[in-house]
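Visitor: Pasting a predicted model and its sequence here:
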Amino acid sequence: MGKEFTRRNLLRMGVLASTAPAAMTIASAVGASAAIADDGGAGAGTSPTQPGAPVKPFDLDRVTLHEGIFQQKRDRMLNYARNYPGTGKVLDGPDRMLNLFRANAGLPAPGTWPGGWDTPNHLLRGHFTGHYMTLLSQCYAATGEEIFLDKLDYLVEELGKCQRALDARQVGRVTGRPGKAVRLSDPHPNQYVRLPAGLLAGVTDVTIAVWLKLGTSQTNAKIFNFSTGSSAYLSLSPWVSASMGPRFAITTSGSNNEQRIDGTSNSVPVGQWAHVAVTISTADSTGRLYVNGTQVGASTIRLTPANLGSTTNNWIGRSQSTNDPYLNATVDDFRIYPRALTAAEVQALATADPAAESPDPTGLTAWYRFEEEGEIAVDHSGNDRDATIIGTSYPGFLAAFPEGQFSRLEPPTLQENSGANAVWAPWYTCHKIMRGLLNAYHLTGNEEALDIVFRMGDWVHQRLSRYNQGELDRMWNIYSAGEAGSMNEVMAELSALAPNAEAQARYLQAAKAFTFTTIFTASLAERDELNGRHANQYMAPNIGYLRLFEQTGVEDYHTAAKNFWAMVVPHRTFSNGGAGRSEHFGVRGVITSGFTSSSDPRHAETCCAYNMLRLTRNLFFHEQDAAYMDFYEKALHNQILSSRHDVDSVTATEVTYHQNMWPGRSRRIGTTIEYSRYGGNGSCCNGTGLESHTKYQESIYFQSADESTLYVNLFIASTLTWPGRGFVITQETQYPTEGASSLRFDEGSGQLTVKLRVPSWAVKGYTVLVNGKRQQLTATPGSYVTLDRKWSRGDTIDISMPLSFRVEKALDNKSIQSILYGPTLMVVRDDTPSYREFTFFKDLKLDGDLAGAIQPTGVPMHFTTHGYTLAPYYISDPVPGQFNAYHPYVKRVEPEVVFGPATTGVPNDGIRDENGETFLDRVWAAAPFRNHGQFLKHVKAVLDEWLAAGRHTEAQREAVFVAAAESNEDLAL
């Protein structure tokens with residue numbers, strides 16, 4: 001009680017201090033913990049894994065949002081965080097997040113679960129809880145409201161109980177019929193038993209006998225299987241349908257040619273020990289099936305194990321078919337005899353007193369009693385044919401699904417996300433939980449969260465340290481199942497937090513195990529191999545590579561992440577900042593594929609933007625390239641901002657999964673509303689949405705590592721409190737409605753270098769006034785300008801960057817274009833499922849501004865052109881039940897070379913250069929022009945190039961130049 005009270009009071013004081021004058025000496029515990037925190041998707045402060053990084057972020061509680069579109073979207077998510085699931089009870093939300101964890105740990109699990117993917121038996125259950133912890137951590141760090149801390153502390157405490165309960169599981173041997181036994185399949189970690197290869201090589205007559213207790217009446221599970229593949233096998237199933245079984249089968253030519261013994265239906269009971277045996281005798285070519293010593297079936301069997309050759313897929317509890325479930329049963333006393341036992345001998349095995357002395361193993365090919373703990377099943381026959389139990393468990397495990405999910409994915413199983421035994425990204429889910437716990441520690445000082453995640457880290461290391469890189473690569477390259485989020489990120493961060501060198505090395509080794517070598521090596525060599533890859537599966541590890549770079553100093557990690565980023569931006573990026581189609585990367589440089597077809601319209605998964613923003617932000621800490629912040633603004637301002645539905649809800653996140661780039665579509669794809677795909681809670685994008693909309697302030701400002709420089713990256717109304725320098729700085733802006741922003745020093749004084757971002761779209765000028773005096777600066781679009789001086793309270797910086805319309809052309813088809821106004825993607829409001837065709841060149845003046853063809857309306861940020869309304873993409877269906885159809889892209893139709901009303905008869909669209917640009921594209925790319933003379937000079941230069949390339953004839957060149965020369969009055973401003 002005392003510890004919790006102390007922590008809470010320190011945290012509360014810290015939040016109060018963040019809003020007080022910086023000269024106060026009260027230290028913030030939130031700031032203190034966040035000062036060693038990874039940004040980690042939580043917008044935390046300086047990472048412990050950022051040694052040498054020249055730039056670092058501010059803690060979330062140091063930047064306060066003011067009125068504007070970001071604050072409005074954020075407040076909707078704060079409301080969700082306070083009130084979910086709308087029952088009026090503070091802990092009902094955490095209890096829903098805990099339900100499946102408690103059930104998995106064998107604890108009482110009252111109530112229900114979040115829904116979506118967080119439902120019983122769903123393979124990703126539990127990931128949403130990790131995001132929810134990050135949500136609460138960020139909400140508390142930003143607001144200081146006790147309700148968020150109450151929910152989070154309860155959630156962490158209860159997860160600790162779940163972890164301890166999972167540690168107390170009986171994960172080794174269980175009580176058998178004679179002695180001990182092995183429990184196979186979920187919820188027990190043990191999945192199946194791998195028997196030695198060639199175990200039945202050369203065997204003709206045979207008896208295989210086993211004691212087992214079925215856990216369920218599952219169909220087509222196998223008690224044992226010996227095979228060389230899908231066509232040559234022998235196996236025994238306790239059930240083959242709801243009313244049929246057991247069945248023994250042997251074949252050398254597929255399932256249609258099986259020789260079978262079908263036993264009396266339902267003769268293998270569920271929940272009771274049963275002795276099952278099968279014999280094959282070559283003397284009478286007969287196979288016999290016994291249950292509890294009684295023959296329940298016999299059939300002519302002419303094949304023998306020797307006919308299969310030396311089998312390699314030899315298992316207890318697993319089939320050669322991925323469509324068959326693993327056996328859910330307790331297995332004991334598995335014997336193989338190289339002869340056919342008589343009925344009396346089988347009955348003697350089934351009726352033997354389990355307390356009696358074990359019989360002589362003489363004459364057995366193999367005998368597995370499962371008496372010893374560990375993953376080795378000792379061969380008691382004396383033939384040294386030990387088996388391996390697949391499904392080792394380790395202490396520290398914490399998840400909402402059984403540990404067997406990890407065993408199935410790992411070697412030797414390497415199970416895909418298909419079939420009866422499918423796994424789906426268990427390491428991805430683990431990352432979300434560990435990330436949420438680390439954020440609880442960093443942002444609220446919850447030390448129990450750190451204890452839990454340290455134990456999870458030990459568990460991770462134990463699981464993966466046994467595999468070599470080749471084995472790991474096979475696992476990570478399994479589509480979907482091998483997705484691991486940014487596990488390398490959290491493990492590298494744990495290494496930095498570890499209490500001793502041994503633990504640091506252990507966690508760092510585990511972090512390196514999550515290197516996705518296939519794409520990592522290609523990225524290092526700048527070899528683009530992303531086509532067809534699952535975007536998030538290969539995107540998220542790059543965030544961790546930066547953490548490894550910071551921990552080890554190995555430049556390859558930085559280079560791989562940087563090169564990966566450059567393969568996505570701009571080569572696979574839509575005009576809203578998103579990427580991917582059906583969650584996959586496409587061909588480099590191909591943007592518009594399928595936009596007007598009837599194929600899958602699911603573009604721009606919101607999680608992709610989330611991951612790319614995290615990667616972009618962290619890259620900037622090491623290399624202050626303004627291109628990173630240009631992309632950051634684009635994706636944040638358009639895809640992320642637009643992903644939150646403009647309606648209030650305390651029952652669902654209201655965050656899009658995909659965002660349709662097709663013409664004339666909406667945020668409803670078919671009958672599916674993207675805000676509520678998979679239930680509105682529980683999907684991956686619901687989870688990242690919880691985080692994205694409660695950390696808008698994380699990248700508005702950065703500071704240099706030595707605190708001598710302030711970076712102003714984004715133009716969002718906010719106040720920065722900087723205790724280290726004593727400054728309180730307020731930014732006032734109506735951006736993006738207006739292209740201007742003002743910074744005011746409300747507190748503090750001293751020398752400070754201020755770097756102001758010049759957006760790449762700011763081509764109409766960028767001026768800076770300090771205390772009303774214009775500064776002489778070279779403001780190149782896509783850069784930063786620098787102010788270096790001694791600042792005092794009351795000083796102001798006024799930035800003017802006039803907004804203008806521009807187009808962004810699709811890389812693969814330059815006639816398909818998006819219209820942007822400053823940073824904002826403007827969409828055409830219309831539901832026609834084909835491109836709207838726009839013509840702009842005839843309306844241009846010497847400044848090249850599209851404004852001549854676009855008219856304002858009485859609604860801010862709404863315009864009209866060609867009879868259509870242009871509206872900001874970030875407006876997300878504010879009227880409940882209505883979904884605005886939109887066109888992110890339009891088709892430019894500019895058939896003839898024209899200058900104002902002057903026509904030439906020379907084709908424009910039909911003649912393009914090697915980059916897909918038309919003649920007029922090339923001319924107006926140089927705008928604005930100071931005067932008509934400069935314009936004519938540029939037209940002549942392009943004409944000369946076109947003529948030399950054979951694109952224009954001499955007559956066409958003359959016609960174009962004459963029209964351009966006569967356009968003086970038409971093009972004048």
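Guide: Nice, I can see it.
Visitor: State the distance from Ala779 to Asp913.
Guide: 30 Å (CB to CB, to the nearest Å). (Glycine included, C-beta is placed from N, CA and C.)
Visitor: To what extent is Val590 buried, counted in neighbours?
Guide: 16 (other CB atoms under 10 Å).
Visitor: do the same with Ser243
Guide: 9.
Visitor: can you tell me which residues contact it?
Guide: Ser265, Asn266 (CB atoms under 8 Å, 6 or more residues apart in numbering).
Visitor: just Tyr628 next, same as before
Guide: Neighbours of Tyr628 in contact, by CB under 8 Å, 6+ apart: Trp565, Thr616, Arg617, Leu619, Phe620.
Visitor: and the residue most central in space within the chain, helix, strand or coil?
Guide: Centre of the chain computed as the mean C-alpha position; nearest residue by CA atoms, centre = their mean is Asn536, 4.7 Å away. At Asn536 the chain is in helix, as set by DSSP: H, G, I helix; E, B strand; the rest coil.
Visitor: Leaving out sequence neighbours, find the closest residue to it.
Guide: Excluding the flanking residues, the one nearest Asn536 by CB to CB, 6 or more residues apart in numbering is Cys607, at 5.5 Å.
Visitor: Tell me the gap between the host helix or strand of that neighbour and the middle of its chain.
Guide: Per DSSP states H and E, Cys607 falls inside helix 606-622. When C-alpha coordinates are averaged (CA atoms, centre = their mean, to the nearest Å), helix 606-622 and its chain have centres 12 Å apart.
Visitor: Equivalent analysis for stretch 535-553, please.
Guide: 13 Å.
Visitor: Could you list the low-confidence segments of this protein?
Guide: The model of the chain has pLDDT under 70 over residues 1-51, 357-359.
Visitor: Can you name the element that comes right after the biggest helix by length in it?
Guide: Among all segments of the chain classified by DSSP state H, the helix with the greatest residue count is helix 146-167. Where DSSP H and E defines the elements, the next helix or strand beyond helix 146-167 is strand 174-175.
Visitor: ok, residues contacting that following strand?
Guide: Residues contacting strand 174-175 (CB under 8 Å, 6+ apart): Lys180, Ala181, Val182, Arg183, His188, Thr330.
Visitor: What about those residues, which one has the most neighbours?
Guide: Val182 (26 neighbours).
Visitor: Contacts only, for the nearest residue to Asn488 once chain neighbours are set aside.
Guide: Once flanking residues are discounted, Asn488 sits nearest to Gly544: 2.9 Å by CB to CB, 6+ apart. The contact partners of Gly544, taken as CB under 8 Å, 6+ apart, are Ser486, Met487, Asn488, Glu489, Val490, Met491, Ala492, Ala511, Phe514.
Visitor: who's in contact with the residue nearest to the centre of the chain?
Guide: Glu483, Gly485, Glu583, Glu605, Cys607, Cys608, Asn611, Cys684.
Visitor: Distance-wise, check it relative to Cys685.
Guide: 10 Å.
Visitor: Next up, phi/psi of the closest residue to Glu403 other than its chain neighbours, please.
Guide: Leaving aside its sequence neighbours, Glu403 sits nearest to Pro189 (CB to CB, 6+ apart; 4.4 Å). Recorded main-chain torsions at Pro189 are phi -60, psi -40, according to degrees, to the nearest 10.
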